[in-house]
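> Here is the input, now give the coordinates:
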Amino acid sequence: MITINANAKINLTLDILGKRDDGYHEVSMIMQSINLFDTLTLKKLNTKDIILHGDVRGVENVQDNLIYKAVKLFLDTYKIQNGVEIELIKRIPIAAGLAGGSTDAAATLRGLNELFEMNLSVMSLCKLGEKLGSDVPFCIMGGTMLATGRGEILAQVADMPKVNLVLVKPKIDVSTAWVYKNYHKVENEVVHPDNKKMRKALILKDINQICACLKNVLEYVTIKQYPQINDIKEKLCSYGAKTAMMSGSGPTVFAIVKNKTLAEEIAAKIKNDFDAEVFTVETASKNF
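Here you go, the predicted model:
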């Protein structure tokens, strides 16, 4: 039996460089793990069944869940005759811009590698993860990484220094596909992030400069549809956060704050202001 945690992610930057021939968007983004996590417990079965227990909201059939798909892909790829039973404890909100589904799939692959003593390389796990989703390779690696292509091509960057964060997920479900589909409507007004400048700020461990470099072009789409996201950003800053930005396609907003005490104070105030899930978390390091 193996128990493994699946960390959520935020985007420090998110840029769209154009539309690809395969229909996806070419992205360039710096992603960061945080210590908000789901927990998966995996157990080997003598039958060929794939059994998933726990909170699997957001899918009509269990076979459509990314955890189930990850198990099936792993077992089929390596011709493993056993089945697997998985217990999921879900803490990461769904449809939140935090890679909740991708990180569960990534943790499943990491857990299966250990459960079946396959000793697969990180590269092999990431190549497998690509088949499940663009964010899965990053979620396998964790930490601070530059992601390009569809998001599956990873490059090392300097680690983000540990900082305290407040996460605010309003009671809105945002479709990632919808946000990307509507990006063309706003692309002429977008201010793009400077990833080179962000990478330098990360090398220097300069929190103020990191905050100044935060930029997510998908905010232009999602905030136009859900102005409450901007209200949350402004309120977080008015309460003393260094800065606040939407993660991924939204709607979750994260704020960087100077210490844990202030994070908890801001979180308490935000809970009174908005109908939202609110978390105080920290940045997390790499899995490997």
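> From now on I want contacts and neighbour counts done on CA atoms only, so please keep to that.
Fine.
> Helices along this structure, start to end?
Assigned by DSSP state H, the chain shows helices spanning 66-77, 100-115, 122-130, 136-141, 176-181, 195-204, 207-213, 219-225, 228-238, 260-273.
> Mean pLDDT for those helices - can I get that in TSV?
Listed next are the helices of the chain as TSV, based on pLDDT from 0 to 100:
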stretch	mean pLDDT
helix 66-77	97
helix 100-115	97
helix 122-130	97
helix 136-141	98
helix 176-181	94
helix 195-204	98
helix 207-213	98
helix 219-225	97
helix 228-238	98
helix 260-273	98
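> Of all the ones you listed, which one comes closest to R20?
helix 176-181 (12.4 Å; Cα to Cα).
> what does that closest one contact?
Helix 176-181 is contacted from outside by 25, 95, 97, 218, 221-222, 249-250, using Cα atoms under 8 Å, 6 or more residues apart in numbering.
> Between helix 100-115 and the strand ranked longest in the chain, find me the angle.
For the chain, the strand with the greatest residue count under DSSP state E is strand 25-45. Using axes from the mean of the first three to the mean of the last three Cα atoms, to 10 degrees, the direction of strand 25-45 lies 50 degrees away from that of helix 100-115.
> Strand 25-45 versus helix 195-204: what angle between them?
Using the same axes, to 10 degrees, strand 25-45 lies at 50 degrees relative to helix 195-204.
> now the helices of the chain as TSV including distance to V281 and mean neighbour count?
TSV is the format used below for the helices of the chain (distance: least, Cα to Cα, whole Å; neighbours: other Cα atoms under 10 Å):
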stretch	distance to V281	mean neighbour count
helix 66-77	24	19
helix 100-115	15	25
helix 122-130	26	18
helix 136-141	17	27
helix 176-181	24	14
helix 195-204	19	17
helix 207-213	16	17
helix 219-225	22	19
helix 228-238	15	19
helix 260-273	9	16
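> Is it possible to get JSON lines of the ones you listed that adds distance to I34?
Shown next, in JSON lines, are the helices of the chain (distance: least, Cα to Cα, whole Å):
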{"stretch": "helix 66-77", "distance to I34": "20"}
{"stretch": "helix 100-115", "distance to I34": "11"}
{"stretch": "helix 122-130", "distance to I34": "19"}
{"stretch": "helix 136-141", "distance to I34": "11"}
{"stretch": "helix 176-181", "distance to I34": "20"}
{"stretch": "helix 195-204", "distance to I34": "16"}
{"stretch": "helix 207-213", "distance to I34": "16"}
{"stretch": "helix 219-225", "distance to I34": "20"}
{"stretch": "helix 228-238", "distance to I34": "19"}
{"stretch": "helix 260-273", "distance to I34": "14"}
